[in-house]
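Novice: need a 3D model of the following:
(2 chains)
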Amino acid sequence: MSEKEVITRQSLRFDELWTYDPAPESPDYVKIEEQYNLFIDGKFQEPASGRYFETINPANEKLLSRVARADKSDLDMAVAAARKAYDGIWSRMPAKERGKYIYRIARLLQERAREFAILESMDTGKPIRESRDIDIPIVIAHFFYYAGWADKLKYAFPGVDPRPLGVAGQIIPWNFPLLMAAWKIAPALATGNTVVIKPASSTPLTLLRLGELIRDAGLPAGVVNIVTGPGEIGSAIANHPGIDKIAFTGSTEIGRTIQEASLRTGKKYTLELGGKAANIVFDDAPVEEAVEGIVNGIFFNQGHVCCAGSRLLVQEGVADELVHKLKMRMETLILGDPLDKNTDIGAINSKGQLDSILGYLTEGVDNGQQIYQTKCELPEKGYWCRPTLVENVSQSHRIVQEEVFGPVLTIQTFRTPAEAVSLANNSPYGLSGGVWTDKGSKIFKVGKGIRAGVIWANTFNKFDPTSPFGGYKESGMGREGGIHGLLPYLELS
Amino acid sequence: MLPDFNQTVPIDQIGVEERVARFRTRSIKKESKLFALKLALRMVDLTTLEGMDSPGKVRQLCYKALYPHKIDPDIPRVAAICVYPNRVRLAVEILKGSGIHVASVATSFPSGMGTMESRIDEVKYAVDEGADEIDMVISRWAFLKGDYSYVFDEIAMIKEACGPAHLKVILETGELETYENVRKASDIAMYAGADFIKTSTGKISPAATMPVTLVMLYAIRDYYLKTGNKIGMKPAGGIRDAKTALHYLAMVKETLGADWLDPDLFRFGASSLANDLLMQIIKQKTGHYQSPDYFSIG
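Specialist: As a prediction, the model looks like this:
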């Protein structure tokens, strides 16, 4: 028997003898109002309709708060306030002063980081470890980074006179509510634009709290306006004649309608859409670290990540060992209360999303796919999905082609680098990709071959405000982050 | 079948260090903390390895091992004490019948630069004096020169000289520098007959670190997956506080599983760690911290 066969025979016992006691963050640290209004013209205002919708904690299905349901007339007010602030103050203010306001937002966020992290975990279901160590620190880094650009735009684009566009309409997804808002608000403000922004209806709370913080930071009224409501209000933003630029992050399906509306109304637009990233592991890769990267690539934020490494492509010679080690590693993932500091896998964001994920798995079973799930227990209340591997799949399966947006990894093997690249590119998407090998030249060769906006080498899901992020093909257009992230908010002629 | 030690197992330094950072975020509270503190105490090799180790000093250390805390009888004892060969007989006499092992460094510790004959003689002497665990050092000069078969052979010879005594092989990772070297030396040691692999002598900085230990745990895991044999791990030097020790245990649990949460397969080589563990155990039981003056020194 060869050594490769032997290595998959032994197993280890992870969940015995010593398990960690609960170590929860306190939800009482955050005061959540019973009801939230729209943030328009520097004030929280009741919606014209007088109607509110509920937002719940997906980990226990309990009501968190009720949030104003904006309609067209509320949006008109928000756009008018943003226009007034743009014309009257924000676009005329010395850039250095604009920068100071953004620095102030960053500093206040830093002081209140714990509060924002807890609230984000309660509203989204993501583990506190992630909101505390990843989401909120990157939010803060983005505000600091773009604050620095405010008075240096002429150096970023020498020889031209960069000018703001006007009012930016921004539509935020539910997977990284505050982080995606920061990616959009920070560059918009730094370049002198004003903002009308809409959070996802299932996760509005951290953005509303950011509204409070922006008010407390003394930003001029109307520079940032927050309208909450259902998808129709997002569509109204895309079609609004008073808005000059649209920034959207969300599904490719909605992205198409936004693109049509933007073209019809002559807006500039950036779209940050879906993905189905290939994570390619070669036989000369550091195996243990690759396993870790695969886990971070697909199980980070329960797989609710547009750039998730949802397709594992592994070279045939190491496939058995890698998958065996991946399964062992998955047994040590702790699923449960998102506020527990030891939780690795939190709750699925909504019932609708959970149903969609489970639909893919049911279809997979019907198609003869081999589904492996960890043995962890699921809490009774809330929406949960065990970390899942899907083997025995090919390019023609729906689960390989479509974005599942859950903790579900498909596994395929390849024989040569060229085959790996062609499998990686055989997708309507092109947002991100991963390459695992000990050989530097292979990283560059394969990395250049993959048509995707971000390629990670021997790591995955790394974000930095200085680095541009965005997709090819159906993954979107335009870039956020870095100098590139300033461009969509500027007139450069 | 022996692996080809000229082949290098690739290791990504940043990946290893990021994994360790995750273990450091594990929050260990309440009963799980008390359990781990007691377990960690049972894993300590209470150590003194100084040129000034008089019989009096070694006697004091042995009594510390026998009576870790004056009041609470529920507090467990350490796994072993670790001394130079010429103090083994004394330690064996004091610890007789206690179940506490006597470990001895040998093989021209800490440099390993003696002749092969003298190093083997030293091992035999320590075993004859009553040591049931031998902590040897490898010839780092030979390893760094690429002479892997020299290192393999010396470990195999020492293992033979140990007879019934358990062999811990000190890699002195601080001198090997890269994680790939640490991995390779771990593999050589295990295939040559080590019962334990151990990071450091404590005489070189850096001594034990969590990333180095993780690389060695991965090596132990691969060896187990391939052979079915369980090799022990001993980080030594630089682990001073209970919190760090608990993060090491989280790392062991999540890498090798429950089987390795046992003094037969995991040890801490340390001197000051024991009292911090004791202090935390008392805190966990009474709710109060006590002054260090209430804990006897070893």
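Novice: just the CA trace of stretch B:121-140, in CSV.
Specialist: Only the C-alpha atoms of stretch B:121-140 are listed here, as CSV (Å, rounded to 0.1, in the frame of the first residue of the first chain):
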residue,chain,number,x,y,z
ASP,B,121,28.2,7.3,28.0
GLU,B,122,26.5,10.2,29.5
VAL,B,123,23.1,8.8,28.5
LYS,B,124,24.0,5.4,30.0
TYR,B,125,25.2,7.1,33.2
ALA,B,126,21.9,9.0,33.6
VAL,B,127,19.8,5.9,32.9
ASP,B,128,21.9,3.9,35.4
GLU,B,129,21.4,6.6,38.0
GLY,B,130,17.7,6.1,37.6
ALA,B,131,16.5,8.6,35.0
ASP,B,132,13.4,7.3,33.1
GLU,B,133,13.4,10.1,30.6
ILE,B,134,16.4,11.4,28.5
ASP,B,135,16.3,14.8,26.8
MET,B,136,19.0,14.7,24.1
VAL,B,137,20.2,17.5,21.8
ILE,B,138,20.8,17.0,18.1
SER,B,139,24.0,18.1,16.3
ARG,B,140,22.7,21.3,14.8
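Novice: how far away from the center of its chain is that stretch?
Specialist: 15 Å (CA atoms, centre = their mean, to the nearest Å).
Novice: what about residue A:477, distance to chain B?
Specialist: 32 Å (CB to the nearest CB, to the nearest Å). In this view, the C-beta of every residue, glycine as well, is placed from N, C-alpha and C.
Novice: neighbours of that residue, how many?
Specialist: Residue A:477: 18 surrounding residues under other CB atoms under 10 Å in any protein chain shown.
Novice: next one: the one 4 residues further on
Specialist: By other CB under 10 Å, the residues close to residue A:481 number 22.
Novice: how many other residues sit next to residue 109?
Specialist: With no chain named, the answer covers chain A. Other residues close to residue A:109 by other CB under 10 Å number 24.
Novice: actually chain B
Specialist: So residue B:109, with other CB under 10 Å, has 21 neighbours.
Novice: cool, residue B:298 as well?
Specialist: Using other CB under 10 Å: residue B:298 sits among 20 other residues.
Novice: tell me which parts of the stretch 251-400 of chain A are close to chain B?
Specialist: Residues of the stretch 251-400 of chain A lying near chain B by CB under 8 Å from any CB of the partner chain: A:284-289, A:292-293, A:324, A:332, A:341-342.
Novice: over to the stretch 1-150 of chain A?
Specialist: A:3, A:6-10, A:12-23, A:129, A:133.
Novice: so how do I select the buried members of the residues of the stretch 251-400 of chain A next to chain B in PyMOL?
Specialist: Selection command for PyMOL covering only the buried members of those, criterion 16 or more other CB atoms under 10 Å in any protein chain shown:
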select buried, chain A and resi 285+286+287+288+289+292+293+324+332+341+342
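Novice: closest to residue A:218 out of the residues of the stretch 251-400 of chain A next to chain B?
Specialist: Closest to residue A:218 out of these is residue A:341 (34.4 Å), distances taken as CB to CB.
Novice: mind putting the residues of the stretch 251-400 of chain A next to chain B into CSV with secondary structure and pLDDT?
Specialist: Formatted as CSV, those follow (DSSP: H, G, I helix; E, B strand; the rest coil; pLDDT from 0 to 100):
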residue, secondary structure, pLDDT
A:284, coil, 98
A:285, coil, 98
A:286, coil, 98
A:287, helix, 98
A:288, helix, 98
A:289, helix, 98
A:292, helix, 98
A:293, helix, 98
A:324, helix, 96
A:332, coil, 96
A:341, coil, 98
A:342, coil, 98
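Novice: from the residues of the stretch 251-400 of chain A next to chain B, which two are the most distant?
Specialist: Using CB to CB, the pair of those lying farthest apart is A:284 and A:341, separated by 36.4 Å.
Novice: who's in contact with residue A:81?
Specialist: A:40-42, A:221-222, A:225 (CB atoms under 8 Å, 6 or more residues apart in numbering or on different chains).
Novice: most surrounded residue in these?
Specialist: Neighbour counts for those peak at residue A:225, which has 30 neighbours (criterion: other CB under 10 Å).
Novice: returning to that earlier point: buried members of the residues of the stretch 1-150 of chain A next to chain B into PyMOL, please.
Specialist: In PyMOL syntax, the buried subset of the residues of the stretch 1-150 of chain A next to chain B is picked out as below (16+ other CB under 10 Å):
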select buried, chain A and resi 7+12+14+18+20+23+129
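Novice: the one helix or strand residue B:144 maps to packs against which elements?
Specialist: Assigned by DSSP states H and E, residue B:144 belongs to helix B:140-145. Helices and strands touching helix B:140-145, by 3 or more CB pairs under 8 Å, 6 or more residues apart in numbering or on different chains; DSSP states H and E, are helix B:148-162, helix B:173-176, helix B:179-192.
Novice: for these, which one sits closest to residue A:171?
Specialist: Using CB to CB, the helices and strands packed on helix B:140-145 put helix B:179-192 closest to residue A:171, at 44.9 Å.
Novice: that closest one - what's its average pLDDT?
Specialist: Per-residue pLDDT over helix B:179-192 has a mean of 98.
Novice: how about that helix against chain A, any contact?
Specialist: No - Helix B:179-192 does not reach chain A (CB under 8 Å from any CB); its nearest approach is 9.3 Å.
Novice: which residues touch that helix?
Specialist: Contacts of helix B:179-192 (CB under 8 Å, 6+ apart): B:2-3, B:5, B:8-11, B:13, B:16, B:138, B:143-144, B:148, B:151-153, B:155-156, B:159, B:169, B:171, B:173, B:176, B:197, B:211-212, B:215-216, B:218-220, B:223, B:231.
Novice: secondary structure class of residue 229, three-state.
Specialist: I went with chain A, as the question did not name one. coil (DSSP: H, G, I helix; E, B strand; the rest coil).
Novice: per-residue confidence at the nearest residue to it once chain neighbours are set aside?
Specialist: Closest residue to residue A:229 apart from its sequence neighbours, by CB to CB, 6 or more residues apart in numbering or on different chains: residue A:70 at 4.1 Å. We have a pLDDT of 98 for residue A:70.
Novice: surely residue A:70 is within a helix?
Specialist: No - under three-state DSSP, residue A:70 sits outside any helix and is assigned coil.
Novice: contacting residues around it?
Specialist: A:38, A:47, A:49, A:78, A:198, A:227-229, A:233.
Novice: how near is it to residue A:50?
Specialist: Noted for residue A:70: a distance of 11 Å to residue A:50, by CB to CB, to the nearest Å.
Novice: and the residue nearest to residue A:229, how far from chain B?
Specialist: Residue A:70 is 39 Å from chain B, by CB to the nearest CB.
Novice: okay, and residue 122 sits in which element?
Specialist: Defaulting to chain A. Going by DSSP H and E, residue A:122 is part of helix A:113-124.
Novice: chain B is the one I meant
Specialist: Going by DSSP H and E, residue B:122 is in helix B:116-129.
Novice: what's in contact with that helix?
Specialist: Applying CB under 8 Å, 6+ apart, the external contacts of helix B:116-129 come out as B:85, B:88-89, B:92, B:104, B:106-108, B:112, B:114, B:134, B:136, B:154, B:157-158, B:161-165.
Novice: from the residues of the stretch 251-400 of chain A next to chain B, which is closest to chain B?
Specialist: residue A:289 (2.9 Å; CB to the nearest CB).
Novice: and that closest one, what does it touch?
Specialist: A:436, A:458, B:11-12, B:15-16, B:19 are the contacts of residue A:289 under CB under 8 Å, 6+ apart.
Novice: what do you get if the cut-off is 7 Å, keeping everything else the same?
Specialist: A:458, B:12, B:15-16 (CB atoms under 7 Å, 6 or more residues apart in numbering or on different chains).
Novice: and if you look at residue A:386?
Specialist: A:335, A:373-374, A:376, A:378.
Novice: what of residue A:239?
Specialist: Contact analysis of residue A:239 by CB under 7 Å, 6+ apart lists A:261, A:265.
Novice: look up how far residue A:261 lies from it.
Specialist: Counting by CB to CB - residue A:239 and residue A:261 are separated by 5 Å.
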